[in-house]
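Chemist: 3D, please:
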Amino acid sequence: MNWKNQRRILAVHEQLHRIEVGRLSRLERKARELKDEEARIVECLDGNRNLIALFPEVVLQRLKANIRQQQDLRNEVDRQTEVTLEQAKRVKQAERLVADAQMERDRIMELEELHEVIEHYATQRDFSAP
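Modeler: From the prediction side, this is the model:
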């Protein structure tokens, strides 16, 4: 593949990586929100004995649902972390391919320049020979 194709591939991988990082951030934010909600529920239970007497089943169900959501979200965060890390590896690999392609391109250009210089001096000698 040529250098331009490698650059396009790198740009695509970088964009995909940004998307995966954004997804991971949203999942982590949701996990923090659920944890905060759990703390508020527990705090409410600790601070208001009347509430416990009035709504024990509702509060308990909400707390259980919150804990289930946290477990599900923790699994999703773990999965998204793996995806994000894999995408980061692809970005690094694409960066290496671009760098390799650039080095090859530079090497070819140097060889072409050297060939032109040799041709130029070889042509000059042909004209200056007696």
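
Chemist: so what's the closest residue to E38 other than its chain neighbours up against?
Modeler: Nearest residue to E38, sequence neighbours excluded (C-beta to C-beta, 6 or more residues apart in numbering): N66, at 5.0 Å. Any C-beta I mention is one placed from the backbone N, CA and C, and that applies to glycine too. Taking C-beta atoms under 8 Å, 6 or more residues apart in numbering as the definition of contact, the neighbours of N66 are 34, 37-38, 41.

Chemist: which members of the residues you listed are classed as buried?
Modeler: Neighbour-count burial (16 or more other C-beta atoms under 10 Å) applied to the contacts of N66 gives 34, 38.

Chemist: keep only those of the contacts of N66 that are in helices.
Modeler: Filtering those for membership in helices, criterion DSSP state H, returns 34, 37-38, 41.

Chemist: so which of these is the closest to N2?
Modeler: L34 (48.5 Å; C-beta to C-beta).

Chemist: my guess is that closest one contacts L73. True?
Modeler: Yes. The pair formed by L34 and L73 meets the contact definition of C-beta atoms under 8 Å, at 6.4 Å.

Chemist: quick revisit: hmm, which of the ones in helices among the contacts of N66 is lowest in pLDDT?
Modeler: Across the ones in helices among the contacts of N66, the member with the lowest pLDDT is I41, scoring 77.
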